[in-house]
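In: Give the three-dimensional model of this entry:
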Amino acid sequence: MRWIDEGRAADLEFRMHPDAARAALEGAFPFTDVAVQPAEGRAKKLLIADMDSTMITVECIDELADFAGIKAQVAEVTERAMRGELDFAEALDARVALLKGLSESAIEQCLRERVKLMPGAKALVRTMRARGATCVLVSGGFTRFAEPVGSEIGFHRMIANKLVIADGVLTGEVEKPIVDSATKLDTLLAVRDELGLSASDTLAVGDGANDLAMIREAGLGVAYHAKPIVAAAAGVRVDHGDLTALLYAQGIAKAEWVEV
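Out: Next comes the predicted model:
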């Protein structure tokens, strides 16, 4: 064993099969997250990240729905979509339709009052950027949230859905095509190729079913406080720590983090 940060994160080196190591280690240490991966190339050069419930603590569409007085109704659909029980695009269209007539001012109020950054978000992105990585936020949520959130955290690029607004109110529509699971995977592949990287150079993190494809494709695919379908399929689960766990997974000690 070798400490990365004493008492907080450590490396355990082994030569057994990764699946056997994961089975032996997960659950062996209470309230501890485990990442089993090759020692070679663990520092990643591309981060593709989800936003809602990953880089921020809320689901923006649920919070917007609260301003319309229908949060419980919308949140139920969001939960089912994130669990993979509903088609994402259809579920998004249905939820946005319920917001028809909501004042555009609710977006700014929601952003100001409800949207909070996930602990460790800035440290993760800014540290990776400082080490030469490219960081892209790809959200099934909305540009009106993703653009300011992504800029504040430090992402290079932000991709999200655009709400249709006319005369200061939401029309209940989203511009097409919808940013969905395929968009997230395509973004990972396109940016990876653009930068001339290999699959092992990439890190993807998310919590919902629409993140599964990019998580499976990434060299380090992380389910962050995720729905069961995602946690079961991801190579790495972060159930206890914050987003700085992804820095520890890359072998980066706290003394090297870009703190804010």
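In: Strands of this structure, residue ranges please.
Out: 2-5, 9-11, 46-49, 134-142, 157-161, 163-166, 169-174, 202-206, 220-224, 236-238 (DSSP state E).
In: Highest mean neighbour count out of the ones you listed?
Out: Stretch with highest mean neighbour count among those: strand 202-206 (a mean of 28; mean count of other C-beta atoms under 10 Å). To be clear about C-beta, it is placed using only N, CA and C from the backbone, and glycine gets the same treatment.
In: what does that strand rub up against?
Out: Under the contact criterion C-beta atoms under 8 Å, 6 or more residues apart in numbering, strand 202-206 has outside partners 44-50, 54, 184, 188, 192, 211-212, 214-215, 217-224, 226, 230, 243, 246, 250.
In: now with 6 Å?
Out: Under the contact criterion C-beta atoms under 6 Å, 6 or more residues apart in numbering, strand 202-206 has outside partners 44, 46-50, 54, 192, 214-215, 218-222, 224.
In: cool, and stretch 114-128?
Out: By C-beta under 6 Å, 6+ apart, stretch 114-128 touches 47, 55-58, 63, 135, 153-154, 242-244, 246-247, 257-258, 260.
In: on that earlier part again, return the member of the contacts of strand 202-206 nearest to Met16.
Out: Leu220 (19.4 Å; C-beta to C-beta).
In: Check the spacing between the closest residue in space to the closest one that isn't next to it in sequence and Gly120 real quick.
Out: Nearest residue to Leu220, sequence neighbours excluded (C-beta to C-beta, 6 or more residues apart in numbering): Leu203, at 4.6 Å. Separation of Leu203 from Gly120 (C-beta to C-beta, to the nearest Å): 14 Å.
In: and if you look at Glu147?
Out: With C-beta to C-beta as the criterion, Glu147 and Gly120 are 21 Å apart.
In: ditto for Cys60
Out: For Cys60 relative to Gly120 (C-beta to C-beta), the value is 19 Å.
In: So for those two, which residue has more residues nearby?
Out: Cys60 (26 against 20; other C-beta atoms under 10 Å).
In: Now for the more buried one: which residues touch it?
Out: Counting by C-beta under 6 Å, 6+ apart, Cys60 makes contact with Asp52, Gly141, Phe145.
In: tell me the contacts of the closest residue to Leu124 other than its chain neighbours?
Out: Of all residues not flanking Leu124 in the chain, Leu243 sits nearest, at 4.6 Å (C-beta to C-beta, 6+ apart). Going by C-beta under 6 Å, 6+ apart, Leu243 touches Met118, Gly120, Ala121, Leu124.
In: Tell me the one of those nearest Lys71?
Out: Top of the list for closeness to Lys71, among these and by C-beta to C-beta, is Met118 at 20.4 Å.
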